[in-house]
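Visitor: predicted model and sequence follow; I will ask about them next.
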Amino acid sequence: MRSPLLFLHIIAGTLGMLSGFVAVFLRKGSRRHGLAGKVFVISMLCLSASGTFLAVMKSQPGNILGGTLTFYLVATGWLTARRSDGEPGLFDWGALLVVLAVGAFEMTYALEAAMSPTGMKHGYPPGPYFFFASIALIAATGDVRMLVRRRTSGTQRIARHLWRMCFALFVAAASIFLARQHLFPAFLRKTGALIFLSVLPLLLLIFWLIRVRFANAWQRPWHRSGPVLAGPEPSLSVR
């Protein structure tokens with residue numbers, strides 16, 4: 001059972017990484033971006049689900065939490081783009097409970113690793129646990145804000161979709177380039193190219209969030225004939 005699942009995990013991770021990089025460089029909202037995004041979503045859901053199941057079989061709590069968080073980010077990021085009305089539903093409440101649980105476990109393991117004589121917990125130091133706990137906390141904060149306001153729209157909707165997808169892409173890239181550097185030629189390891197490819201999704205995440213923010217600032221509510229008091233909601237199309 002483990003071998004076919006591991007094969008699915010590897011194929012899904014490769015497709016997810018490739019389609020994610022293609023999608024992030026295409027014009028947002030275009031047909032090609034949508035096609036690459038669908039491949040990315042399906043691949044990443046398969047990657048995270050199979051990885052979580054393999055981690056359960058191998059008794060790896062840290063990887064279980066990482067896989068669950070990745071699945072949550074992709075699913076909620078995809079739903080943000082699909083749902084035009086922006087109104088939350090029952091799925092969003094369930095997703096909030098999941099990410100809160102992941103964050104609580106990550107923080108607990110981080111503290112236990114920090115206080116452990118070996119400085120490790122389930123094979124990981126405190127750093128990765130604190131990092132993913134902070135990501136879970138940021139995601140949960142966004143969920144609470146959306147549920148309180150009962151919708152997410154405009155720039156917030158675009159940013160919510162972008163950062164969740166880009167961080168999931170980071171997980172896929174780091175799992176290939178950073179965690180398995182021994183599979184690549186020596187010159188790639190010595191030049192730091194693998195590290196750059198691993199963190200590239202985070203750099204793209206920062207770039208797109210800044211661009212979305214400033215693009216919204218440039219859209220002043222003024223026309224030559226006077227102020228525009230109302231207008232259509234910004235879409236997920238970002239050039």
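Guide: Arrived safely, thanks for sending.
Visitor: contacts, neighbours, all on C-alpha from now
Guide: Noted.
Visitor: quick one: the helices in this protein?
Guide: Ranges of helices within the chain are 2-25, 31-57, 61-82, 90-115, 126-149, 154-173, 186-191, 193-218, based on DSSP state H.
Visitor: any weak-confidence spans in this structure?
Guide: Applying pLDDT under 70 to the chain flags the ranges 1-2, 84-86, 215-239.
Visitor: related to what we said a few turns ago, what's the most buried one of the helices of the chain?
Guide: helix 154-173 (a mean of 23; mean count of other CA atoms under 10 Å).
Visitor: quick one: distance of that helix to the chain centre.
Guide: 5 Å (CA atoms, centre = their mean, to the nearest Å).
Visitor: dump that helix to PDB, restricted to CA.
Guide: The C-alpha coordinates for helix 154-173 follow below in PDB (Å, rounded to 0.1, in the frame of the first residue of the first chain):
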ATOM      1  CA  GLY A 154     -12.000  43.200  -3.200                       C
ATOM      2  CA  THR A 155      -8.300  43.300  -2.300                       C
ATOM      3  CA  GLN A 156      -8.700  41.200   0.800                       C
ATOM      4  CA  ARG A 157     -10.200  38.400  -1.300                       C
ATOM      5  CA  ILE A 158      -7.300  38.600  -3.800                       C
ATOM      6  CA  ALA A 159      -4.700  38.600  -1.100                       C
ATOM      7  CA  ARG A 160      -6.300  35.700   0.800                       C
ATOM      8  CA  HIS A 161      -6.200  33.600  -2.400                       C
ATOM      9  CA  LEU A 162      -2.600  34.600  -3.300                       C
ATOM     10  CA  TRP A 163      -0.900  34.100  -0.100                       C
ATOM     11  CA  ARG A 164      -2.400  30.700   0.700                       C
ATOM     12  CA  MET A 165      -1.600  29.300  -2.800                       C
ATOM     13  CA  CYS A 166       1.900  30.800  -2.800                       C
ATOM     14  CA  PHE A 167       2.700  29.300   0.700                       C
ATOM     15  CA  ALA A 168       1.400  25.900  -0.400                       C
ATOM     16  CA  LEU A 169       3.700  26.200  -3.500                       C
ATOM     17  CA  PHE A 170       6.600  27.000  -1.000                       C
ATOM     18  CA  VAL A 171       5.800  23.700   0.800                       C
ATOM     19  CA  ALA A 172       6.000  21.800  -2.500                       C
ATOM     20  CA  ALA A 173       9.200  23.500  -3.600                       C
END
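Visitor: what's in contact with it?
Guide: 13-14, 16-17, 20-21, 24, 44, 70, 73-74, 76-78, 80-81, 86, 142, 197-202, 204-205, 208-209, 212-213, 216, 233-236 (CA atoms under 8 Å, 6 or more residues apart in numbering).
Visitor: ends of stretch 20-39, how far apart?
Guide: 8 Å (CA to CA, to the nearest Å).
Visitor: cool, stretch 80-98 as well?
Guide: Per CA to CA, stretch 80-98 runs 17 Å from first to last residue.
Visitor: now render the helices of the chain as TSV, adding distance to R180.
Guide: Output for the helices of the chain, formatted as TSV (distance: least, CA to CA, whole Å):
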stretch	distance to R180
helix 2-25	12
helix 31-57	15
helix 61-82	15
helix 90-115	23
helix 126-149	17
helix 154-173	10
helix 186-191	10
helix 193-218	10
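Visitor: from what I see, C46 and T14 are in contact.
Guide: No - using CA atoms under 8 Å as the test, C46 is too far from T14 to be in contact (11.2 Å).
Visitor: so what's Q60 closest to, chain neighbours aside?
Guide: Nearest residue to Q60, sequence neighbours excluded (CA to CA, 6 or more residues apart in numbering): H122, at 6.9 Å.
Visitor: what residues does the one you found make contact with?
Guide: Counting by CA under 8 Å, 6+ apart, H122 has contacts Q60, P61, G62.
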